[in-house]
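Enquirer: task: produce atomic coordinates for the following.
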Amino acid sequence: MNITRNENYIIIEDKSLDIASMATELSKAHEDFKHNNVIVNVLDKGNLEAKDLLVFLEITNLHRNNKRSFVIASNPVSVETLPDDIIIAPTLREAEDIINMEELERELGF
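Expert: Next comes the predicted model:
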């Protein structure tokens, strides 16, 4: 997995793994990044459906329970069929904006 560190978040991506394998590897490595806001970049995985992203539900909940953001940068999917806990952004820039907004909300006590 490739990890790119930025000021208040990291971007995790892996071009060699499929979505399910990537979610498994993230779960195994969660201890290494549990204190970071995370963007998981799967934009290179092609046209995914909402059901494909459900593999991230467990790691998303675990991460968000630690008061950290977990955003998936993915091609547009039908978010109506996803649980509210899974946050999707269509670009890396929008994923970064979501993290910045969530950080501000946490600072304000929301």
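Enquirer: what are the buried residues along the lowest-mean-pLDDT helix or strand in the chain?
Expert: Lowest mean confidence among the helices and strands of the chain (mean pLDDT, DSSP states H and E): helix 50-53, at a mean of 90. Across helix 50-53, burial judged by 16 or more other C-beta atoms under 10 Å covers 50, 52-53. Backbone N, C-alpha and C define where each C-beta goes, glycine included.
Enquirer: mind putting these in CSV, distance to residue 108 included?
Expert: Formatted as CSV, these follow (distance: C-beta to C-beta, whole Å):
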residue, distance to residue 108
50, 30
52, 34
53, 29
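Enquirer: ok, so of the residues you listed, who is nearest residue 10?
Expert: The shortest approach to residue 10 among these belongs to residue 53, at 18.9 Å (C-beta to C-beta).
Enquirer: pretty sure the closest one sits against residue 77.
Expert: Yes - if you go by C-beta atoms under 8 Å, residue 53 and residue 77 touch, sitting 6.6 Å apart.
Enquirer: what do these two both touch?
Expert: Common neighbours of residue 53 and residue 77 are listed as residue 88 (criterion: C-beta atoms under 8 Å, 6 or more residues apart in numbering).
Enquirer: closest to residue 39 among the buried residues of helix 50-53?
Expert: For the buried residues of helix 50-53, the nearest to residue 39 is residue 53 (13.7 Å; C-beta to C-beta).
Enquirer: distance of that closest one from residue 5?
Expert: Going from residue 53 to residue 5 by C-beta to C-beta, to the nearest Å gives 24 Å.
Enquirer: over to residue 11?
Expert: Using C-beta to C-beta, residue 11 is found at 8 Å from residue 5.
Enquirer: and residue 70, by the same measure?
Expert: 16 Å.
Enquirer: and what of residue 76?
Expert: Distance from residue 76 to residue 5, by C-beta to C-beta: 27 Å.
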